[in-house]
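Novice: sequence-free structure coming up:
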């Protein structure tokens with residue numbers, strides 16, 4: 001595989017990767033960390049809009065290199081610099097308690113908001129003031145699973161490249177366009193101009209998701225706006241939407257958490273946008 005000897009813990013490459021745990025260094029270098037076989041596999045197969053490979057560097061233990069030989073080969077084929085490292089190096093760079101033996105250094109991959117709009121998306125998740133990195137990554141994963149065309153993180157939301165966000169996306173970060181740092185008003189205005197109906201998800205919404213589905217009005221292009229985990233959407237953001245929709249609670253649960261509510265809303269739109277399957 002052409003992999004070099006074990007890299008020294010004192011190597012500048014290890015120090016550079018370790019610094020990516022801090023947001024200011026990620027922004028300066030425009031690099032982030034992806035950990036584990038699933039994320040690294042997806043990174044190795046991903047290329048940015050400029051055609052450049054996303055994965056630029058990979059640290060792997062000897063055991064992981066043997067177990068995930070296909071991932072190592074894909075990383076090398078992508079032009080990534082691959083280093084063998086002992087478990088202490090991986091633990092030093094990792095942001096997890098139990099590293100999985102593979103840590104990739106990746107180029108930023110967010111898409112310009114204008115390119116998202118130019119694609120005339122049919123289903124978009126907008127994260128407005130979402131602060132928890134695990135929630136952001138999980139909603140991104142839900143959007144990917146529901147077949148959404150893009151995710152937008154507003155300027156008041158968590159860093160897309162926070163290690164917890166990357167881990168929670170479980171590789172979905174590499175599957176669909178994500179725009180970051182977009183003011184919520186600009187996001188709503190742009191998506192509406194691109195043909196989307198804007199639905200704000202809120203537990204106190206005036207409209208019921210079941211009623212929306214029964215009325216047959218959810219089949220067109222849709223952008224769902226999801227708010228902060230603790231206080232939801234402020235009134236000024238709710239006012240931007242075409243409708244404020246609540247997920248009905250049919251049982252005794254007080255509410256749904258952000259990621260669960262997002263999954264329900266996104267899948268409802270995905271189903272409404274697809275024609276019924278033929279009986280035969």
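Specialist: Nice, I can see it. Predicted model, so just to flag it, every value in this text is computed and none were measured.

Novice: so what's the backbone phi/psi at residue 224?
Specialist: Backbone torsions for residue 224, taken as degrees, to the nearest 10, come to phi -90, psi 130.

Novice: ok, now how distant is it from residue 130?
Specialist: For residue 224, the distance to residue 130 under the criterion C-beta to C-beta, to the nearest Å works out to 12 Å. Yep, even glycine has a C-beta here, placed from its N, CA and C like the rest.

Novice: Which SSE is immediately downstream of the lowest-mean-pLDDT helix or strand in the chain?
Specialist: Scoring the helices and strands of the chain by mean pLDDT, DSSP states H and E places helix 87-93 at the bottom, with a mean of 88. If you walk from helix 87-93 toward the C-terminus, the next helix or strand you reach (DSSP states H and E) is strand 102-107.

Novice: Please name every helix or strand in contact with that next one.
Specialist: Here strand 102-107 is seen to pack against helix 12-19, strand 31-35, helix 37-44, strand 55-60 when contacts are counted using 3 or more C-beta pairs under 8 Å, 6 or more residues apart in numbering; DSSP states H and E.

Novice: Of these, which is nearest residue 237?
Specialist: strand 31-35 (27.9 Å; C-beta to C-beta).

Novice: Just the residues contacting the closest one, thanks.
Specialist: Around strand 31-35, the neighbours that count as contacts under C-beta atoms under 8 Å, 6 or more residues apart in numbering are 17, 20-21, 26, 40, 42-43, 55-56, 93-96, 99-100, 102-108, 161, 163, 166-167, 173.

Novice: Parallel or antiparallel, list what pairs with it.
Specialist: Taking DSSP bridges as the criterion, strand 31-35 pairs within the sheet with strand 102-107 (antiparallel).

Novice: Okay, angle between the strand it pairs with and helix 37-44 too, please.
Specialist: Here the directions of strand 102-107 and helix 37-44 differ by 30 degrees (axes from the mean of the first three to the mean of the last three C-alpha atoms, to 10 degrees).

Novice: mean confidence for strand 102-107?
Specialist: Looking at strand 102-107 alone, the average pLDDT works out to 96.

Novice: now do stretch 229-241
Specialist: For stretch 229-241, the mean per-residue pLDDT is 90.

Novice: Could I get the contacting residues of the closest residue to residue 82 other than its chain neighbours?
Specialist: With sequence-adjacent residues excluded and distances taken as C-beta to C-beta, 6 or more residues apart in numbering, residue 82 is closest to residue 58, at 4.8 Å. Residues in contact with residue 58, defined by C-beta under 8 Å, 6+ apart, are 40, 44, 72, 75, 80, 81, 82, 83, 102, 103, 104, 105.

Novice: neighbour-wise, which of residue 224 and residue 130 wins?
Specialist: residue 224 (27 against 23; other C-beta atoms under 10 Å).

Novice: any idea how far that one lies from residue 260?
Specialist: Relative to residue 260, and taking C-beta to C-beta, residue 224 is found at 14 Å.

Novice: Is it possible to get CSV of the helices and strands packed on strand 102-107 that adds distance to residue 239 and mean pLDDT?
Specialist: Putting the helices and strands packed on strand 102-107 into CSV (distance: least, C-beta to C-beta, whole Å; pLDDT from 0 to 100) gives the following:
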stretch, distance to residue 239, mean pLDDT
helix 12-19, 42, 93
strand 31-35, 35, 95
helix 37-44, 38, 95
strand 55-60, 42, 95
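
Novice: Tabulate the ones you listed (TSV), appending distance to residue 245.
Specialist: Supplementary listing: these in TSV, determined by distance: least, C-beta to C-beta, whole Å:
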stretch	distance to residue 245
helix 12-19	42
strand 31-35	33
helix 37-44	32
strand 55-60	39
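
Novice: Out of those, which gets nearest to residue 208?
Specialist: Nearest to residue 208 among the helices and strands packed on strand 102-107 is helix 37-44; the distance by C-beta to C-beta comes to 36.6 Å.

Novice: before we move on, back to that, of the helices and strands packed on strand 102-107, which approaches residue 183 most closely?
Specialist: For these, distance to residue 183 was read as C-beta to C-beta. The smallest value, 22.9 Å, belongs to strand 31-35.
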